Each structure stands twice: as C-alpha cells, then as structure tokens.
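Engineer: Sequence and predicted structure are below.
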Amino acid sequence: MWLQTILFVLASVLYGPQAQAVETTGPSFSDVPSSHFAFEAIEDLKKRGIIMGYRDGTYRPESTVNRAEAVKIIVAPFVNPQQLGQFQSTPYDDVPRDTWYFAYVEAARQSLKIIDGPPKAAAFQPDRPVRKAEFIKMILLAYRADPNSFSEIRLPLTPDVANPDEWYYAYLRYALSSSMTAAGGDGHLHPAKELTRGEVAVLLHRFLLYREGRRTQELLSQAEKELTIVLSALDKNDIVKAEHASARALLAARGAHVSASDEPVVKGAVKITEGYRALVRAYRAGVTGDLDSVVKLSGDAWYLAAKAKEFDPTLTDAAGKLQKSAQSIADSARGLKAKG
C-alpha cells in the first residue's frame with residue numbers, strides 16, 4: 001500500500017477550552033448512582049427543573065420512554081399550567097381529552113410545532129417508544145436550532161446514516177456537530193433506536209450544554225477520535241469507514257468552531273480535519289486510478305495543514321505530519337504517472 005507514511009496517531013493535539021462540569025452533590029435518585037452513564041445528565045436536568053423522578057425516589061433510567069413522555073420532557077420548560085389549560089381539542093383520535101399528556105401533545109403541535117398533525121400524521125401514537133432520530137428532531141425544533149447548519153456537508157456519516165435525502169439526516173448531522181451523539185463502537189448512529197429515560201436525559205443534557213458553549217473540549221476530543229479511526233481504516237484499506245469517520249471529524253470540529261470561533265486552536269483543528277478529509281479523498285482517487293486528482297487533493301491537504309500551523313503554532317507537529325503524508329501520496333501518484 002502506498003499510504004504507509006500516514007500511519008500516526010494524533011495525541012493531545014486537538015485541545016480547547018475546558019467544559020464546565022455540572023455541579024452535583026450526592027445522587028438524587030436511588031437507582032442512579034454516580035457511576036451511572038447518565039448520572040451527570042440526570043442531575044443537571046433535575047436541577048434545571050426539566051425532569052422529575054418517581055414517588056419512590058427512583059428515576060428508572062433503563063425504562064423505555066414513550067412518545068407522550070418524550071413530548072412532556074421537551075415541552076414542559078416552555079409552558080406553564082395556564083398555557084396548558086388553553087388547549088381544548090386535538091385532531092388525534094388516539095389522544096383522549098382526559099389523559100395527562102393531552103395538553104402537552106397539543107402544545108407540541110400548536111405552539112412549538114415540533115410534531116406533525118393531519119394530514120401528515122393522523123395519529124400521535126403516544127404509547128410507542130420514542131426513537132432517537134425523532135427525539136433529536138423534537139429537541140432541535142423546540143429550541144429553534146437550525147438543522148440545516150452545515151448544509152454544505154452532505155456526506156455519508158455512518159452505514160445507517162448515509163443518504164442525505166433521508167428526513168433524519170440533517171438532524172443527525174446537527175447532533176454530531178453539537179456532540180449530542182457519536183457513532184457507536186459498531187460505527188453506526190442508530191437513528192431508529194428506542195430510547196431509555198437515561199439516554200433521553202443524556203441527549204437533552206448535551207444539547208443544552210452545547211447551547212451554553214460548554215461542549216467545545218468534547219467536540220475537539222471527538223474529532224481526534226474520529227481521525228484516529230480514519231488512520232486505522234486507511235491502514236486496513238477500508239476507504240468507506242475512513243470516509244465516514246473523516247466526515248464526522250469535520251462536523252465535530254466545525255461544531256466546536258461555532259462555539260469558540262475566536263480560539264486559534266479551534267480554527268486550526270478545523271483545518272486539520274479538512275486536511276484529513278482531503279487526504280481521504282485523495283486515497284479514494286488513487287483507488288480509482290485518478291492520479292491527477294490524487295495530486296490535487298494531496299496539495300489541498302498540504303495547504304490546509306499549513307493554515308492550521310498559522311492559526312496555532314501548537315499544531316505544528318500534527319500539521320507537519322499531515323503535510324508529510326500528503327507529500328508522500330502526491331509523490332507516489334506522480335511516480336505512477338511517470339511510469340505510465
């Protein structure tokens with residue numbers, strides 16, 4: 001393989017402003033110890049008054065969340081009892097007037113406009129488990145986040161989120177750029193996953209922190225992890241996996257830039273991820289035999305690395321390695337062209 005020179009790992013290069021930790025005392029719920037993956041999220045949302053537990057002192061983080069419960073979690077911070085009392089009817093035949101969730105569903109439909117009514121949706125399906133993509137969509141719409149952020153990026157993100165024309169693509173793209181979610185160990189995003197109460201809390205918690213500019217470090221760390229996946233994938237000639245990871249790395253760095261646009265290291269990180277995206281494209285061009293494109297894209301990667309060094313000298317080492325790899329790929333392509 002003519003890309004052996006790109007095998008290196010970015011370690012402690014992409015750093016940034018530290019996110020503030022959520023202050024907690026002891027566990028608020030008997031079944032959510034401090035070691036639980038959703039502990040910080042649940043404690044934060046409780047402190048914000050967004051979630052509550054059960055009368056027995058539990059939160060039941062492993063319980064599946066249905067659509068009615070999901071809507072209440074999202075809608076509750078936006079409405080008061082008086083506003084809820086104004087709703088008198090619903091077009092859904094599966095949302096009885098005397099149910100606890102009736103007013104929340106109508107607030108979601110009429111006020112926040114985060115769910116569809118007729119003719120798009122004749123039923124609400126309150127008892128169906130809420131799915132990951134639809135929960136993320138409702139959060140973003142409720143808080144008026146723009147799901148079309150980074151609309152110029154229409155790249156396959158994972159094997160199960162590869163088509164930019166799918167309704168959920170833009171929402172998952174935003175979720176990656178805001179660190180709400182990341183690809184799992186299997187490399188998938190699982191848009192249709194049925195969520196638990198713990199998972200719902202984590203998604204909303206991360207989104208709120210991102211809005212407050214407190215996820216920059218996490219985004220840069222995620223970009224670094226994705227670039228490590230890129231390198232490993234290229235070493236194994238898995239170009240598809242490398243393409244997916246390079247797209248996710250780019251989104252993570254762009255998301256960090258939105259929150260900390262004046263930070264030199266963040267600007268440099270964006271250029272590093274753009275450079276690796278160009279490097280992956282050069283690899284793809286080499287696989288298809290388009291050597292002219294290999295030379296051009298390698299040159300783009302080299303230039304982007306140079307820009308990263310200009311933004312922040314602490315990126316000199318990483319940028320230099322990227323330039324070395326780009327130069328090696330370009331020289332290999334030129335050598336192949338010379339041999340005909």
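Structural biologist: Yes, it's here. Residues are numbered from 1 along each chain as shown.
Engineer: Count the neighbours of residue 272 for me.
Structural biologist: Applying other CB atoms under 10 Å, we find 32 other residues in the vicinity of residue 272. Just so you know, the C-beta spots here come from the backbone N, C-alpha and C atoms, and that holds for glycine as well.
Engineer: next one: phi and psi at it?
Structural biologist: Per-residue torsions, residue 272: phi -60, psi -50 (degrees, to the nearest 10).
Engineer: Can you verify my assumption that it contacts residue 305?
Structural biologist: Yes. Between residue 272 and residue 305 there is a contact at 7.0 Å, judged by CB atoms under 8 Å.
Engineer: Name the residues contacting each of these two.
Structural biologist: Shared contacts of residue 272 and residue 305, defined by CB atoms under 8 Å, 6 or more residues apart in numbering, are found at 319, 322.
Engineer: in the protein, which spans are helices?
Structural biologist: 39-47, 67-75, 81-84, 102-106, 132-142, 169-177, 197-211, 216-235, 239-259, 264-287, 291-311, 316-338 (DSSP state H).
Engineer: Of the ones you listed, which is nearest residue 92?
Structural biologist: Closest approach to residue 92 among the helices of the chain (CB to CB): helix 102-106, 7.0 Å.
Engineer: dump the residue contacts of the residue nearest the centre of the chain.
Structural biologist: Against the mean C-alpha coordinate of the chain, by CA atoms, centre = their mean, the closest residue is residue 176 at 1.3 Å. Taking CB under 8 Å, 6+ apart, we find residue 176 in contact with 157, 182, 189, 248, 251-252, 255.
Engineer: Model confidence for it, exactly?
Structural biologist: Residue 176 is assigned 98 on the pLDDT scale.
Engineer: how near is the nearest residue to residue 282 once chain neighbours are set aside to residue 194?
Structural biologist: Counting by CB to CB, 6 or more residues apart in numbering, residue 282 lies nearest to residue 297, which is 3.7 Å off, once chain neighbours are set aside. Using CB to CB, to the nearest Å, residue 297 is found at 41 Å from residue 194.
Engineer: Between these two, which is the more surrounded one?
Structural biologist: Taking neighbours as other CB under 10 Å, residue 297 and residue 194 compare with residue 297 leading, 25 against 15.
Engineer: before we move on, back to that, reformat the helices of the chain as TSV; add distance to residue 94.
Structural biologist: Formatted as TSV, the helices of the chain follow (distance: least, CB to CB, whole Å):
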stretch	distance to residue 94
helix 39-47	28
helix 67-75	10
helix 81-84	19
helix 102-106	10
helix 132-142	16
helix 169-177	24
helix 197-211	21
helix 216-235	39
helix 239-259	37
helix 264-287	45
helix 291-311	53
helix 316-338	55
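Engineer: out of those, which comes closest to residue 148?
Structural biologist: It's helix 169-177; of the helices of the chain, that one is closest to residue 148 (CB to CB) at 6.1 Å.
Engineer: ok and that closest one relative to helix 216-235, angle-wise?
Structural biologist: Per axes from the mean of the first three to the mean of the last three CA atoms, to 10 degrees, the angle that helix 169-177 makes with helix 216-235 is 110 degrees.
Engineer: buried stuff in stretch 27-44?
Structural biologist: 27-29, 31-32, 36, 38-44 (16 or more other CB atoms under 10 Å).
Engineer: do stretch 263-277 as well
Structural biologist: Going by neighbour count (16+ other CB under 10 Å), the buried part of stretch 263-277 is 263, 265-277.
Engineer: I'd like the distance from it to the chain centre, please.
Structural biologist: When C-alpha coordinates are averaged (CA atoms, centre = their mean, to the nearest Å), stretch 263-277 and its chain have centres 17 Å apart.
Engineer: which ones are touching residue 127?
Structural biologist: Contacts of residue 127 by CB under 8 Å, 6+ apart are 66-68.
Engineer: 10 Å instead?
Structural biologist: Contacts for residue 127 (CB atoms under 10 Å, 6 or more residues apart in numbering) come out as 66-69, 94.
Engineer: Buried only: go through those residues for me.
Structural biologist: Taking 16+ other CB under 10 Å as the criterion, what is buried in the contacts of residue 127 is 66-69.
Engineer: Done for today, thanks.
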